[in-house]
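Colleague: 3D model of this:
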Amino acid sequence: VEGPIGLVKALMERGVSCVVFSTIPISSKKLLQLFAFFYTLVEKFPNVAADVLLGAAMRQLRKTTNVFIEWGAFNICGVVPGQDSQFK
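Modeller: Below is the predicted model of the structure:
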């Protein structure tokens, strides 16, 4: 009933500290590229905040597409304690 926000809330109530989600249904190769960029950055920079890394992944994907829906419909809720807030 609450869409992606309801799912985020349910996950966080069960202990997940940080959730990356889309506000609209997306299924494309660009989505896979975005998350490949994102998780590559997470592995390389584990102490950098997820919102900063998602922003960097979005900027990388924007180099290949100008279609906002392919890179800009994502949000992050929650935090991971102790993470840096600046991308290095």
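Colleague: Name the helix or strand for the residue nearest the centre of the chain, please.
Modeller: By Cα atoms, centre = their mean, the chain has its centre lying nearest to Val20, at 4.1 Å. Using DSSP states H and E, Val20 sits within strand 18-22.
Colleague: Next: Pro46.
Modeller: Secondary structure (DSSP H and E) places Pro46 outside all helices and strands.
Colleague: pLDDT wise, what is it at?
Modeller: Per-residue pLDDT puts Pro46 at 86.
Colleague: if I look at it, how far off is Ala73?
Modeller: Remark: distance between Pro46 and Ala73 (Cβ to Cβ, to the nearest Å) = 25 Å. For the C-beta atoms, the positions are set from N, CA and C on the backbone; glycine is no exception.
Colleague: re earlier: and the residue nearest to the residue nearest to the centre of the chain when sequence neighbours are not counted, its phi and psi?
Modeller: Leaving aside its sequence neighbours, Val20 sits nearest to Ile76 (Cβ to Cβ, 6 or more residues apart in numbering; 5.3 Å). As for Ile76, its main-chain torsions (degrees, to the nearest 10) stand at phi -130, psi 130.
Colleague: Isn't Ile76 up against Ser17?
Modeller: No - Ile76 lies out of contact with Ser17 (Cβ atoms under 8 Å); the separation is 10.9 Å.
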